[in-house]
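K.L.:
Any chance you could fold what I've pasted below:
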Amino acid sequence: MSIFTKKQQSDLIRALYEIRLKEPRLGVQEMARSLGTARNTVYRHVKYALENGILFNPQLRLKMFHDVKEYVYAVSSDSAHDTFQELKEKNIEEKNIVCYELFATGYIDLLIISDAPFSQKSKKELGDVRIEGSRSDFICPVVPAVDYPTALRQMEAYVRDDFQPSLWDVECLSRNVMWKPLDYELFSLLRYDLTMKYTILARSARMSFDGFRWSLERILANTQIVVPYYPEGYSHYIRFLFMFKSRYERLLIELFSFVPCCTTMYKVADWILVHFKILPLDLTDWFFSMLYNLQDSGYIDCIKTAVPILHWRPD
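P.N.:
Numbering: from 1, shown residues only. Okay, here's the model as predicted:
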C-alpha cells in the first residue's frame, strides 16, 4: 500500500473534487482511470474524505422558475428553538413544506426555506420576520486551490480596486423541461447523493434503466449540482450566515468567490445571504476588518450576521 504525504493526500482529494464537479456520477474505477492511479487508492481517499468532512457527495439544488420557487424566512424570535423543533416534527409527520431550517444566534434566530409560501397567520406565529421572499438560484463558486491566508491576501488585493454599482439581477425563466411523477421521486432520492447507483435507486423507484437515464436528464435540466468541499474538514471551520444590503452586489459575489472552501450565496428580496466558513486562527478578525472597511467605503450598506447552531433538512 502506497504511503502518501499530507500534501499528496490533499492533492489527490482536490483532484477527486474537480472530477466530481465535471462528472458527479463517475464511479471509483472510472475516477482511478482518469487519474492514472489504482482503484484501491481512489476508494481509500474517497472514504477518508467523506468520513472526515473534506468532501461530500455531489448534491442537487432546484433551479428557480416561474412555477418552481422556494421561499426564505429569516426570523428573530425568543422561541426560535421551539419553533425549529416543531417545524421539524410536523414536517416529518405530515410531509410539510419545509425543505431546510437553521437555528442560529445573532441578527436572526431561525432561517427557513420552504417549497411553498407561509400564510400570514403562520408568519406571525414564527416571530419577527426580518427577511422574506422567494430565493434566487444558488451561487456556489468553485473552491480555489489555495490556503486561507493566501485567499485573504487575494481578497485584500481585489478590494483595493474601484467599483461601479452592479446588482445581481434575478430572473426566473419558464421551464423548458417538465418533470414526470418518476422525476420527483428520483430527485428526492438523489438530492443529497447524486452518486447513488441505478440498482439501489430501482429498489425504491420502479423503473427500467432507460427510464432512469431519461428521468435523470430531465432532473439535471432543472437543477444545479453542488459538490461541498472543505479542505481542512468541515468541523474545523467557524460558520457564519451573512446578510448584506449593497448596491455593489457583484463585488460581494466576486469577493466570496475567493473563499477556499464551499460557500453558498443567494438573493432574497434586496438581501444577499452568504453561508460562509472560516478557519479559527486570527483569520476571523482579518476578514471582518475587510468587510467593515468596505462598509466604511460605501460599498456595503448593511451587514448583519448570525452564527448557526443547528440545521435540519428532510432525508
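K.L.:
Which residues outside stretch 301-315 are in contact with it?
P.N.:
Residues outside stretch 301-315 that contact it (CB atoms under 8 Å, 6 or more residues apart in numbering) are 84, 88, 91-92, 98-109, 111, 192, 239-247, 275, 291-292, 295. From N, CA and C alone the C-beta is placed, and that goes for glycine too.
K.L.:
Which strands or helices does the lowest-mean-pLDDT helix or strand in the chain pack on?
P.N.:
Ranked by mean pLDDT, DSSP states H and E, the helix or strand of the chain with the weakest confidence is helix 80-94, at a mean of 87. With contacts defined as 3 or more CB pairs under 8 Å, 6 or more residues apart in numbering; DSSP states H and E, helix 80-94 has these neighbours: strand 98-106, strand 110-114, strand 302-312.
K.L.:
what's the most buried one of the ones you listed?
P.N.:
Highest mean neighbour count of the helices and strands packed on helix 80-94: strand 110-114, a mean of 22 (counted as mean count of other CB atoms under 10 Å).
K.L.:
and that strand, which strands flank it?
P.N.:
strand 71-76 (antiparallel), strand 98-106 (antiparallel) (DSSP bridges).
K.L.:
residues making contact with it?
P.N.:
Under CB under 8 Å, 6+ apart, the answer for strand 110-114 is 70-75, 77, 80, 83-84, 87, 97-104, 126-127, 135, 241, 306.
K.L.:
and F187, what are its phi and psi?
P.N.:
Main-chain torsions, F187, degrees, to the nearest 10: phi -60, psi -40.
K.L.:
picking that back up, nearest to Y184, out of the helices and strands packed on helix 80-94?
P.N.:
Closest approach to Y184 among the helices and strands packed on helix 80-94 is made by strand 98-106 (13.0 Å; CB to CB).
K.L.:
returning to what we had before: with mean pLDDT as extra columns, can I get the strands paired with strand 110-114 in TSV?
P.N.:
Formatted as TSV, those follow (pLDDT from 0 to 100):
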stretch	mean pLDDT
strand 71-76	98
strand 98-106	96
